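1. 3D, please:
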Amino acid sequence: VLSIRGTQEEEPADPQLMRLDNMLIAEGVAGPEKGGGSSAAANATAAASSGPGQPDSAIEHSDYRAKLAQIRQIYHTELEKYEQACNEFTSHVINLLREQSRTRPIAPKEIERMVSIIRKKFAAIEMQLKQSTCEAVMILRSRFLDARRKRRNFSKQATEILNEYFYSHLSNPYPSEEAKEELARKCGITVSQVSNWFGNKRIRYKKNIGKAQEEANLYAAKTAAAAAAQQAVSGHDGGAAQGYNMVASSQAQLGGQQQSIYMNLNGDSYQGNETSVGANVQSQ
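-> Below is the predicted model of the structure:
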């Protein structure tokens, strides 16, 4: 008696199908339900949960496991349908061939060859199912568990701190490693995020220097006003006058900066009046 399963096991396994199977097992989609998915999620969230925002990471970890369970359920449902359809169709063909063998001779090898052809046709469906499932898992991982997903908008307070440092060091907006570490601590972000922010900020400043100068005036006036208020609270004599002088000095200095700006961005020097700055930016 011909065994359908025996015929299938005689064929060598497809290397690509084996890779997909191994990946699905590693991600907890295939194989035993307990352990695989949870451990995969735990390993993937290790980096994400090592910094600020640990509660968010825990929530996302739970959300990841819930969505992974959905993918697992869909995968097993579709795989069961596939195996059932494949076995039913194969059995149907074998029964037809056996019926025909009563009227014409059909060798067992011919039946095995037909079963092999059917299995190969259905294998393409299995491959597509597993490939789609792997892609769904990868999208899920990149969305919830990839450490790079932290490229989200900073809080308003963090943006204020970074902008204040940038405009107070406008002549050389390249913070040292110590300054980056301090800014990262104050903002609750990583040092690499601080570096990326300053790199992007320098590029934006160079492309739109007019608007950036207005923003610089705003932050300078804000800083001067804060310093004046601090002096007034401290009770030093002449604090108010000193604060007024500081604001006036800052405004005068910024007014002069509009006429003569010096900035070193990405290795380029910008100096001269407003017309020359515009020409330099346009030439870039």
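
2. for the helix or strand containing Gln70, packing partners?
-> Assessed by DSSP states H and E, Gln70 sits inside helix 54-100. Contacts defined by 3 or more Cβ pairs under 8 Å, 6 or more residues apart in numbering; DSSP states H and E place helix 54-100 against helix 4-10, helix 36-44, helix 108-144. For every residue, glycine as well, the C-beta is placed using N, CA and C.

3. How about the helix or strand following the last one, which residues are buried there?
-> Past helix 108-144, heading to the C-terminal end, the next element that is a helix or strand (DSSP H and E) is helix 156-168. Of the residues in helix 156-168, those buried by neighbour count under the rule 16 or more other Cβ atoms under 10 Å are 158, 161-167.

4. Please identify which of these is nearest to Asn217.
-> Nearest to Asn217 among the buried residues of helix 156-168 is Tyr167, at 8.8 Å by Cβ to Cβ.

5. From what I see, the closest one and Glu215 are in contact.
-> Yes. Between Tyr167 and Glu215 there is a contact at 7.2 Å, judged by Cβ atoms under 8 Å.

6. hang on, Arg104 is in a strand, isn't it?
-> No. Going by DSSP: H, G, I helix; E, B strand; the rest coil, the assignment for Arg104 is coil, not a strand.

7. Now do it, the pLDDT please.
-> What the model reports for Arg104 is a pLDDT of 86.

8. Over to Lys109?
-> 88.

9. Tally up the residues packed near it, please.
-> 8 (other Cβ atoms under 10 Å).

10. go on, the one 4 residues further on?
-> Burial of Arg113, expressed as a neighbour count using other Cβ under 10 Å, amounts to 12.

11. Can you list the low-confidence ranges for this protein?
-> 1-12, 32-60, 145-152, 233-284 (pLDDT under 70).

12. Ala229 versus the closest residue to Ser168 other than its chain neighbours, what's the distance?
-> Leaving out its chain neighbours, the residue that sits closest to Ser168 by Cβ to Cβ, 6 or more residues apart in numbering is Thr223, at 6.5 Å. Taking Cβ to Cβ, to the nearest Å as the measure, Thr223 falls 11 Å from Ala229.

13. ok, those two, which is more surrounded?
-> Thr223 (16 against 13).

14. how big is the angle separating the strand or helix carrying the more buried one from helix 156-168?
-> Assigned by DSSP H and E, Thr223 belongs to helix 209-234. Helix 209-234 and helix 156-168 meet at an angle of 100 degrees, taking axes from the mean of the first three to the mean of the last three Cα atoms, to 10 degrees as the criterion.

15. Give me the packing partners of helix 209-234, helices and strands only.
-> Counting by 3+ Cβ pairs under 8 Å, 6+ apart, helix 209-234 packs on helix 156-168, helix 239-259, helix 274-283.

16. Near Glu178, how many other residues are there?
-> Glu178: 8 neighbours (other Cβ under 10 Å).

17. Quick one: residues contacting it.
-> Counting by Cβ atoms under 8 Å, 6 or more residues apart in numbering, Glu178 makes contact with nothing.

18. that's a strand at it, yeah?
-> No. Under three-state DSSP, Glu178 falls outside any strand and is assigned helix.

19. measure it to Arg185 for me?
-> For Glu178 relative to Arg185 (Cβ to Cβ), the value is 11 Å.

20. just Phe154 next, same as before
-> 14 Å.

21. tell me the secondary structure for Leu170?
-> With three-state DSSP as the basis, Leu170 sits in coil.

22. so it sits right up against Ala216, yeah?
-> Yes. Under the criterion of Cβ under 8 Å, Leu170 is in contact with Ala216, at a separation of 6.2 Å.

23. Show me which of the two is the more surrounded one.
-> Ala216 (21 against 18).

24. ok, the residue lying closest to that one once chain neighbours are set aside - contacts?
-> Leaving aside its sequence neighbours, Ala216 sits nearest to Tyr167 (Cβ to Cβ, 6+ apart; 4.5 Å). Residues near Tyr167 by Cβ under 8 Å, 6+ apart: 215-216, 219-220.

25. Can you tell me how far Tyr167 is from Ser192?
-> Taken as Cβ to Cβ, the span from Tyr167 to Ser192 is 22 Å.

26. try Asn200
-> 13 Å.

27. tell me the angle of the helix holding Gln70 relative to helix 108-144?
-> Counting by the same axes, to 10 degrees, helix 54-100 points 170 degrees away from the direction of helix 108-144.
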